[in-house]
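# the sequence and its predicted three-dimensional model are supplied below.
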Amino acid sequence: MANELHQMQMSYHAEEDRLLLKASTRERAEFRIWLTRAYTLLLWEKLNEFLKLDPDVSALSTEEEKSAVLAYKKHEALKNVDFTTVYSEQIDNYPLGTEGVLAYSLSAAVSADGAHIEIKPRDGLGLNFTMDRGMNNAFCKMLYDAVNRADWDLGFEYEDSSTGSGLEAAVAESESIDRMKMN
């Protein structure tokens, strides 16, 4: 996918016991990919690897310091993400089909500057995108919330320093954070 991402949404479908990732572009194309529990675990590991490569985190000596800085950075990154805009259903093109495809392979090139993620089915086209730290934090939060809604008990932890902030109010108001809009 060479188009620029516009919005992402993740939802749990009990009848499939899978997460559905929808990623739309500014050109109104939507990529739909089904994520299993096992695939979600693998994706979570790669996303968190990128978070921990942050030079401000990796340069610290104690786990407590690393956790505190990581939590602060997560909170700051989430302040810049729009979780309130309704996911646009105005789509003209479904490159992977309207039913979507089952995620089968994951390629993740992770560096200190960014993460290039490629999610592909067994055969055919998939979804390729590059994330900076802010988008990665937002994607982690969206994935974390979807896994909690699925009640998968995968042991995911996603802490930020937003305790007592407006983030809980936004979550309560919308019932769940399941979409994000890239600026």
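Now that the structure is in, tell me what you want to look at. Residues are numbered from 1 along each chain as shown.
# does the residue nearest the centre of the chain count as helix, strand or coil?
Against the mean C-alpha coordinate of the chain, by CA atoms, centre = their mean, the closest residue is F139 at 2.1 Å. Secondary structure, DSSP: H, G, I helix; E, B strand; the rest coil: F139 is helix.
# equivalent analysis for F129, please.
Following three-state DSSP, the label given to F129 is strand.
# also S107?
Using three-state DSSP, the structure places S107 in strand.
# please report how far it lies from S88.
For S107, the distance to S88 equals 28 Å [CB to CB, to the nearest Å]. Heads up, the C-betas are built off the backbone N, CA and C, glycines and all.
# for the chain, what helix or strand is lowest in average pLDDT?
Between all helices and strands in the chain, the lowest mean by mean pLDDT, DSSP states H and E belongs to helix 166-174, at a mean of 34.
# measure the residue nearest to I91 when sequence neighbours are not counted to L127 for me?
Spatial nearest neighbour of I91, chain neighbours left out: E30 (4.4 Å); criterion: CB to CB, 6 or more residues apart in numbering. From E30 across to L127, the span is 10 Å (CB to CB).
# return stretch 97-114 as CSV; C-alpha atoms alone will do.
This file holds the C-alpha atoms of stretch 97-114, laid out as CSV (Å, rounded to 0.1, in the frame of the first residue of the first chain):
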residue,chain,number,x,y,z
GLY,A,97,-12.0,-7.3,-0.5
THR,A,98,-15.0,-6.3,1.6
GLU,A,99,-14.7,-9.4,3.8
GLY,A,100,-11.0,-8.7,4.5
VAL,A,101,-8.2,-11.2,4.7
LEU,A,102,-6.7,-13.2,7.6
ALA,A,103,-3.3,-11.9,8.7
TYR,A,104,-0.7,-14.6,8.2
SER,A,105,2.8,-13.0,8.0
LEU,A,106,4.3,-10.0,9.7
SER,A,107,7.4,-8.1,8.7
ALA,A,108,8.6,-5.4,11.0
ALA,A,109,11.7,-3.4,10.4
VAL,A,110,12.2,-1.5,13.6
SER,A,111,14.8,1.2,14.1
ALA,A,112,15.2,4.1,16.6
ASP,A,113,13.4,6.4,14.1
GLY,A,114,10.5,4.4,12.9
